[in-house]
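> Build me a model:
(one chain, ligands or ions: 1)
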Amino acid sequence: MANSSCCTKGMRNFVAAICIAALSAFIFTPPASATQPVTIKAKNFAFTPGIVTLKKGQPTAITFVATQGVHGLTAPDIGLNKTVTITNSPTTVTVTPHKLGTFTSHCAIFCGIGHTKMQIVFKVVK
Ligand SMILES: [Cu+2]
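Numbering: from 1, shown residues only. Presented below is the predicted three-dimensional model:
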């Protein structure tokens, strides 16, 4: 008796495994618009990193944490419209910049003699 199937059982299992793998990759891959989360550390009297690059129109989770002192940041140009108080307890906010450019923000909470020089630069790119 001739086998009317064009595929062996092994081939069918192989094809099923490939389909499951492809489906899993589709389901578990984050959306293309998500960007890598960013952590910004604050101390007397600097933000680290001092320059943060974000993508226009793409939400980015930024975690702020102070390793020394208490600081603050407001950056309306990147969508951070309320002052975030930065303490040793991490605070995460999601921002979505809507305009291209390079924007400088200063520490929003007086933190000492170097306060006026404490700044961070956000670069919003395509
Ligand atoms: Cu400060």
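> what's near enough to touch the residue nearest the centre of the chain?
For the chain, the residue nearest the mean C-alpha position is residue 37 (2.4 Å; C-alpha atoms, centre = their mean). The neighbourhood of residue 37, defined by C-beta atoms under 8 Å, 6 or more residues apart in numbering, consists of 60, 61, 62, 63, 92. Every C-beta, even on glycine, is put in place using the N, C-alpha and C of the backbone.
> Tell me the bridge partners for the fourth one.
It refers to residue 63. Counting by DSSP bridges, residue 63 is bridged to residue 39, residue 92.
> Can you give me the pLDDT of it?
pLDDT, residue 63: 98.
> That one contacts residue 38, correct?
Yes. Counting by C-beta atoms under 8 Å, residue 38 is a contact partner of residue 63 at 7.2 Å.
> From the ion, how far off is residue 49?
Residue 49 is 16 Å from the ion, where distance means C-beta to the ion, to the nearest Å.
> In this structure that residue contacts residue 40, no?
Yes. The pair residue 49 / residue 40 is scored as a contact, 7.1 Å apart, by C-beta under 8 Å.
> anything in contact with each of those two?
Counting by C-beta under 8 Å, 6+ apart, the shared contacts of residue 49 and residue 40 are residue 120.
> before we move on, the earlier item: I'd like the contacts of residue 37 as CSV, with distance to the ion and neighbour count appended.
CSV is the format used below for the contacts of residue 37 (distance: C-beta to the ion, whole Å; neighbours: other C-beta atoms under 10 Å):
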residue, distance to the ion, neighbour count
60, 22, 20
61, 22, 14
62, 16, 21
63, 17, 13
92, 19, 13
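> Pick out the least confidently modelled helix or strand of the chain, by mean pLDDT.
Scoring the helices and strands of the chain by mean pLDDT, DSSP states H and E places helix 9-28 at the bottom, with a mean of 57.
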